[in-house]
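K.L.:
heads up, no residue letters with this:
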């Protein structure tokens, strides 16, 4: 990545399907940060984002200290930790999807940007888009309290 200009980068993207991952990697290579540091930064951001989202959702219920410990432990054990450590495109898309859910629960308009980025990073997350569109058009839908 360090040896290509933007035109060469566009050629790399034409051959790959990991648009967001390679774009982030290209931006880091422009700052001459090596690949291992890039992976460390992205992995740290993945964990931090997941912990912050889980913490903020659990704290909305005002749990006791022991209930908070049990809920947070259950949440952490449910995370795809190996995928987040290996910094695959799935882990980046997973974090972007988590940001979509968190922002959507807080009724922020920017939430759909995270859904779009998540779908562009890993196409498996585009499966949710038709269901979200259907739920958007049904006004008398049942809201699930999380």
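P.N.:
Alright, I've got the coordinates. Predicted model only: the values in this text are computed from it and were never measured.

K.L.:
Same question for whatever helix or strand residue 84 lives in: list its buried residues.
P.N.:
Using DSSP states H and E, residue 84 sits in helix 81-86. Residues of helix 81-86 classed as buried by neighbour count (16 or more other CB atoms under 10 Å): 83-84. No exception for glycine: its C-beta is placed from N, CA and C like everyone else's.

K.L.:
Kindly report the same for stretch 119-138.
P.N.:
By 16+ other CB under 10 Å, the buried positions in stretch 119-138 come out as 119-122, 125.

K.L.:
Relative to residue 55, which of those residues is nearest.
P.N.:
residue 125 (22.8 Å; CB to CB).

K.L.:
tell me which element the nearest residue to the closest one once chain neighbours are set aside falls in.
P.N.:
Distances taken as CB to CB, 6 or more residues apart in numbering place residue 118 nearest to residue 125, at 4.4 Å, with adjacent residues excluded. Here residue 118, judged by DSSP H and E, is contained in helix 111-121.

K.L.:
That helix - contacts with which helices or strands?
P.N.:
helix 19-30, helix 89-105, helix 128-137 (3 or more CB pairs under 8 Å, 6 or more residues apart in numbering; DSSP states H and E).

K.L.:
Could you identify the helix or strand that succeeds whichever helix in the chain runs longest?
P.N.:
If you go by DSSP state H, the chain has its longest helix at helix 35-59. The C-terminal neighbour of helix 35-59 among helices and strands, as given by DSSP H and E, is helix 65-78.

K.L.:
about what we covered before: outside of the helix holding residue 118, which residues touch it?
P.N.:
18-21, 89, 92-94, 96-97, 99-104, 125-126, 128-129, 132 (CB atoms under 8 Å, 6 or more residues apart in numbering).

K.L.:
Which among those residues count as buried?
P.N.:
Counted by 16+ other CB under 10 Å, those give 18, 20-21, 89, 92-94, 96-97, 99-104, 125 as buried.

K.L.:
Quick check: residue 80 touching residue 93?
P.N.:
No - using CB atoms under 8 Å, residue 80 is not in contact with residue 93; the gap is 11.0 Å.
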